[in-house]
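> curious how this folds, go ahead:
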Amino acid sequence: MSGSLPDAILFVCTENAIRSPMAEAIYKQLYKEKSYVQSAGVRAGEPSPFMKEVMTEQNIDLTHHQPRTLSDIQDSLFDIIISLSPEAHHQAMELTRTMAVEVEYWPTMDPTLIDGNRDQRLDAYRSCRDTLTKRIKQRFEPKE
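Numbers count the residues shown, from 1 in each chain. Down below sits the predicted model:
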């Protein structure tokens with residue numbers, strides 16, 4: 001499937017507050033309506049103002065994002081689930097018991113683990129955003 005767009009994709013992280021909503025929004029910005037895209041967390045976290053700020057820098061508005069869990073997702077017909085944290089990967093693998101779905105694990109740094117001043121913390125969020133953008137493009141851009 002490398003280089004082709006799935007019909008339906010789910011990005012999963014631990015709390016659906018930073019990594020998976022970033023990935024969902026980046027994918028949507030890059031590929032518009034070519035795929036059905038959702039994101040969820042193993043559990044719901046708190047909305048992240050830093051995440052919203054760095055996404056706004058890329059002209060992506062996530063100011064209304066509210067974290068949701070896997071149990072909040074009503075759909076089960078995903079072609080691929082991309083897990084972004086160890087806990088999310090474990091849960092994604094559990095879903096393969098009841099769903100015929102491909103699972104990929106993309107270990108992605110949690111920017112909340114970075115201490116420092118506001119600029120240092122924002123840089124960690126930017127790094128996470130940029131890493132996800134690069135990975136999504138590498139995985140889904142058509143190969144020539």
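> only C-alpha atoms for contact and neighbour calcs from this point on.
OK.
> which stretches in the chain count as helices?
19-31, 49-56, 86-95, 118-140 (DSSP state H).
> right, so the ones you listed: which one is the most enclosed?
Among the helices of the chain, helix 19-31 has the highest mean neighbour count (mean count of other CA atoms under 10 Å), at a mean of 22.
> average model confidence for that helix?
Taken as a whole, helix 19-31 has an average pLDDT of 97.
> what angle do helix 49-56 and it make with each other?
10 degrees (axes from the mean of the first three to the mean of the last three CA atoms, to 10 degrees).
> residues making contact with helix 19-31?
Contacts with helix 19-31, where a contact means CA atoms under 8 Å, 6 or more residues apart in numbering, come from 10-13, 37-41, 51, 55, 60, 62, 65, 84, 108, 110, 128-129, 132-133, 136.
> the inter-axis angle of that helix versus helix 118-140?
Interaxial angle of helix 19-31 relative to helix 118-140 (the same axes, to 10 degrees): 60 degrees.
> distance from helix 19-31 to the middle of the chain?
How far helix 19-31 lies from its chain's middle: 6 Å, per CA atoms, centre = their mean, to the nearest Å.
> same question for stretch 73-80.
Remark: stretch 73-80 is offset 14 Å from the chain centroid, using CA atoms, centre = their mean.
> and that stretch, what's buried?
For stretch 73-80, a neighbour-count test (16 or more other CA atoms under 10 Å) marks Phe78, Asp79, Ile80 as buried.
> could you list which residues are in contact with the nearest residue to the last one once chain neighbours are set aside?
The reference is to Ile80. Setting aside the residues directly before and after it, Ile80 is nearest to Glu102 in space (CA to CA, 6 or more residues apart in numbering), at 4.7 Å. By CA under 8 Å, 6+ apart, Glu102 lies in contact with Asp79, Ile80, Ile81, Thr96.
> any chance of these in a markdown table, plus distance to Leu122?
Listed next are the contacts of Glu102 as a markdown table, based on distance: CA to CA, whole Å:
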| residue | distance to Leu122 |
| --- | --- |
| Asp79 | 33 |
| Ile80 | 30 |
| Ile81 | 27 |
| Thr96 | 35 |
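> filter those down to the ones in strands?
Within those, residues falling in strands by DSSP state E are Ile80, Ile81.
> by pLDDT, give me the weakest of the contacts of Glu102.
Scoring those by pLDDT puts Thr96 last, at 88.
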